[in-house]
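Participant: Please find the sequence and the predicted model below.
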Amino acid sequence: MDRYDRIFALHKRLKLSRYPVSVSTLMEELGCSRATLYRDLEFLRDVLQAPLLSAETGVFYDRLQIDQFELPGLWFSSDELHALLATHELLNRSGADVLGSALEPLRKRIDSLLADQAKGRRWPVERIRVIGSYTRTRDEAAFRQVAGAVLARKRLRFDYTARSTDQLTTRTVSPQRLTHYRDNWYLDAYDHERDALRSFSVDRMRHVRSLDEDAHDVSEQELNEQLTEGYGIFSGKARHTATIVFSAEAARWVAEEHWHSKQEGRFLPDGRYELKVPYSNPRELLMDVLRYGADAEITAPVPLRESARMSLQLALARYGG
């Protein structure tokens, strides 16, 4: 443990303890010699002005002053710094499209913080890789308008091209929350013309403008009932439950996957895995099942099974089968 981590750990240990901590205990916990510990205690008391006191049984913080004292600046342990480094790479990827220049000052501050703490060391950021999947191109200005309206609780008006129909409509909505799902952003909102909750893909919005009218708030319970019970990003209460049986080869992978908050799964006697998933619109569920190919079979309900069979037959026909 280097000195930076020892000072951090020492401060945290003394702050949490209500009684004096012996020198031998601190030496063992910090993995350092008595001389090193005394130097760190002196630095903590004389340089950082910590309310450090000593007694025959050990050292401790003055409980009357500890609430007013904190280490100056931003202090991170090695684990926290490594987590910050990973977050830094996530910000770099996010900033390239959806948050753009809005995140640039924050990225620069994290760069500066990492450089100060590195003390000449080079952080191997190339050892952290973030790979997006199915990421769509987004309009940074549109995203800012949407995010601003969500936080300011103002209504929005925008032109929207639905992916399913490719039809252009103008919507006036009360934004409720932003949802990041499978590397894409969606707006959960109350659609005033349709008097219903809807989810809108932010990348399909154009000419987004915030209105002066206050947004109509929908309770968290109603949002979850209407927008979370169905499978994936599709809205609506779950009306059906799909039963999918996976081969023994795929079972160990599927058993660890999260498909739905109310899913039910069990291993069958022959090693296969049975998964039950609630859904409303079957489109996304079918895509997830079919990606397993011959390792997955929908056993119920019959209409969903038939939809999967037809999709496979059409796919086979394209290959001349």
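Facilitator: Right, received. Where do you want to start?

Participant: ok, Arg194 to Arg171 distance?
Facilitator: To Arg171, Arg194 is 8 Å away according to CB to CB, to the nearest Å. Backbone N, C-alpha and C define where each C-beta goes, glycine included.

Participant: can you check Ser54 too?
Facilitator: Counting by CB to CB, the gap from Ser54 to Arg171 is 67 Å.

Participant: In terms of neighbours, single out the busier of the two.
Facilitator: Arg171 (18 against 12; other CB atoms under 10 Å).

Participant: Look at the more buried one and give its secondary structure.
Facilitator: strand (DSSP: H, G, I helix; E, B strand; the rest coil).

Participant: Check whether Gly58 really touches Pro20, as I assumed.
Facilitator: Yes: between Gly58 and Pro20 a contact is recorded at 3.7 Å, counting by CB atoms under 8 Å.

Participant: the domain parsing of the protein - what is it?
Facilitator: Here the domain parsing of the chain from automatic domain parsing is 3-68, 78-127, 140-227, 240-318.

Participant: want to try a markdown table for the ones you listed, with mean pLDDT as columns?
Facilitator: A markdown table is the format used below for the domains of the chain (pLDDT from 0 to 100):
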| stretch | mean pLDDT |
| --- | --- |
| domain 3-68 | 89 |
| domain 78-127 | 64 |
| domain 140-227 | 90 |
| domain 240-318 | 94 |
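
Participant: Show the residue spans covered by the helices in the stretch 201-321 of the chain.
Facilitator: With DSSP state H, counting those that start in this stretch as the criterion, the stretch 201-321 of the chain has helices at 220-227, 248-254, 283-290, 302-318.

Participant: Can you point out the buried residues in the last one?
Facilitator: I take that to be helix 302-318. For helix 302-318, burial by neighbour count (16 or more other CB atoms under 10 Å) applies to 304-305, 307-308.

Participant: next one: the third one
Facilitator: Going by neighbour count (16+ other CB under 10 Å), the buried part of helix 283-290 is 285-286, 289.

Participant: The second one too?
Facilitator: Applying a neighbour-count criterion of 16+ other CB under 10 Å, the buried positions in helix 248-254 are 250-251, 254.

Participant: could those be laid out in a markdown table, adding distance to Arg209?
Facilitator: Conversion of these to a markdown table gives the following (distance: CB to CB, whole Å):
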| residue | distance to Arg209 |
| --- | --- |
| Ala250 | 48 |
| Ala251 | 50 |
| Val254 | 44 |
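
Participant: And these, which is closest to Gly293?
Facilitator: Lowest distance from Gly293 to the buried residues of helix 248-254 (CB to CB) belongs to Ala250, with 9.2 Å.

Participant: ok, now how distant is the closest one from Lys262?
Facilitator: Taking CB to CB, one finds Ala250 at 22 Å from Lys262.

Participant: cool, Met27 as well?
Facilitator: From Met27 to Lys262 the distance is 52 Å (CB to CB).

Participant: again with Leu286
Facilitator: From Leu286 across to Lys262, the span is 19 Å (CB to CB).

Participant: and if you look at Thr165?
Facilitator: Taken as CB to CB, the span from Thr165 to Lys262 is 29 Å.

Participant: quick one, which of those two is more surrounded?
Facilitator: Lys262 (12 against 8).

Participant: OK, contacts around the closest residue to that one other than its chain neighbours?
Facilitator: The shortest distance from Lys262 to any non-neighbouring residue, by CB to CB, 6 or more residues apart in numbering, is to Pro278 (5.4 Å). For Pro278, the contact set (CB atoms under 8 Å, 6 or more residues apart in numbering) comprises 229-231, 238, 240-242, 260, 262-263.

Participant: in the strand or helix carrying Ala35, what counts as buried?
Facilitator: Remark: Ala35 resides in helix 34-42, with elements defined by DSSP states H and E. Neighbour-count burial for helix 34-42 flags 37, 40-41 (criterion: 16+ other CB under 10 Å).

Participant: got a list of contacts for it?
Facilitator: Against helix 34-42 from outside (CB under 8 Å, 6+ apart): 3, 6-7, 10, 23, 26-27, 30, 32, 52, 59.

Participant: In three-state terms, label the closest residue to Ser201 other than its chain neighbours for me.
Facilitator: Nearest non-adjacent residue to Ser201, counting by CB to CB, 6+ apart: Tyr186, 5.6 Å away. Recorded secondary structure, Tyr186: strand (three-state DSSP).
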